[in-house]
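J.: Structure, please.
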Amino acid sequence: MNKISIIIPVYNEMSTLDKILEKVEQASFCGLEKEIILIDDMSTDGTREHLAELEGRYKVFYHNYNQGKGAAIRTGMAHITGDIMVIQDADLEYDPADYEELIKLIVEDKADVVYGSRLTGAKPSRSFMFTHWLGNKVLTLTTNLLYGATLTDMETCYKAFRTSFLEGIEIKSNRFDFEPEITAKVLKRKPRLYELPISYYGRDYSEGKKITWKDGFHAIWALLKFRFSD
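T.: Residues are numbered from 1 along each chain as shown. Alright, predicted model coming up:
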């Protein structure tokens, strides 16, 4: 393995974008070359204009209208050239210092997919909003029941994939239901899947968090739908 692709969907993250890019640049990737792919989902706070200034350093793509996180990741996936793909939110909830442990299992050919769990208690994790904690528990339990898995945190952003394992998987979800869709389609392929503890510095709505309770219903529907179809 020679390269890792980091996909960063971006929507109105002007206050955190430079800091997260700095953290990604400083992270260790088991000696792999890295490519950073940024997708702006029609930001309106100056993020879009700032990204134009970064085009010489990173791969940058722009949506002409706001489509959602899933659509941004789909755009990014169409342009990856790495042997491993990871997803990074543009806020500061997740710490790129956790990358190396996640991808090491793939580099050593022990795993096809590795999820970073925020709920093991092994690393710092800001207390969840109760509704988000409960929703995550329900969604993860539903995932395990439908797909015969033992995940603790299906909704985690930190998912690392061997790129070749994703070949033929088509992502259709545009919003936060990307997480259950990719999980469903991966689990149906019976991967060597591991979970590892990660740090989590969650935000509340006053700090810019975007996911809402309505997204939970879309996630449950996605889990049911993709259990029986592609």
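J.: for the top helix by length along the chain, which positions count as buried?
T.: What stands out as the longest helix in the chain, according to DSSP state H, is helix 130-147. For helix 130-147, burial by neighbour count (16 or more other CB atoms under 10 Å) applies to 132, 135-137, 139-140, 142-143, 146-147. (C-beta placed from N, C-alpha, C; glycine too.)
J.: Throw the residues you listed into JSON lines and include distance to Lys172 and pLDDT, thanks.
T.: Shown next, in JSON lines, are the buried residues of helix 130-147 (distance: CB to CB, whole Å; pLDDT from 0 to 100):
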{"residue": "His132", "distance to Lys172": "24", "pLDDT": "74"}
{"residue": "Gly135", "distance to Lys172": "22", "pLDDT": "80"}
{"residue": "Asn136", "distance to Lys172": "22", "pLDDT": "83"}
{"residue": "Lys137", "distance to Lys172": "26", "pLDDT": "90"}
{"residue": "Leu139", "distance to Lys172": "18", "pLDDT": "91"}
{"residue": "Thr140", "distance to Lys172": "21", "pLDDT": "94"}
{"residue": "Thr142", "distance to Lys172": "19", "pLDDT": "94"}
{"residue": "Thr143", "distance to Lys172": "18", "pLDDT": "95"}
{"residue": "Leu146", "distance to Lys172": "18", "pLDDT": "97"}
{"residue": "Tyr147", "distance to Lys172": "18", "pLDDT": "96"}
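J.: Report the two of the residues you listed separated the most.
T.: By the measure CB to CB, His132 and Tyr147 form the most distant pair in these, at 21.9 Å.
J.: looking at this structure, which helix or strand is least sure?
T.: helix 213-228 (a mean of 82; mean pLDDT, DSSP states H and E).
J.: Contacts for that one, please.
T.: 131, 135, 138-139, 142-143, 146-147, 155, 173, 175-177, 179-181, 183-185, 188 (CB atoms under 8 Å, 6 or more residues apart in numbering).
J.: Spit out the contact partners of Met57.
T.: Not quite, residue 57 is Arg, not Met. Counted by CB under 8 Å, 6+ apart, Arg57 has contacts Ile36.
J.: since we're on Ile39, how many residues are nearby?
T.: 27 (other CB atoms under 10 Å).
J.: ranges for the helices of the chain?
T.: Under DSSP H, the chain gives helices at 17-26, 47-53, 69-77, 99-107, 130-147, 178-187, 213-228.
J.: May I have the third one as CSV, with CA atoms only?
T.: If I follow you right, that is helix 69-77. Listed next in CSV are the C-alpha coordinates belonging to helix 69-77 (Å, rounded to 0.1, in the frame of the first residue of the first chain):
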residue,chain,number,x,y,z
LYS,A,69,-23.0,15.0,3.6
GLY,A,70,-23.7,11.8,1.7
ALA,A,71,-23.6,13.5,-1.6
ALA,A,72,-20.4,15.3,-0.8
ILE,A,73,-18.7,12.0,0.2
ARG,A,74,-20.0,10.4,-3.0
THR,A,75,-18.4,13.2,-5.0
GLY,A,76,-15.1,12.6,-3.1
MET,A,77,-15.2,8.9,-3.6
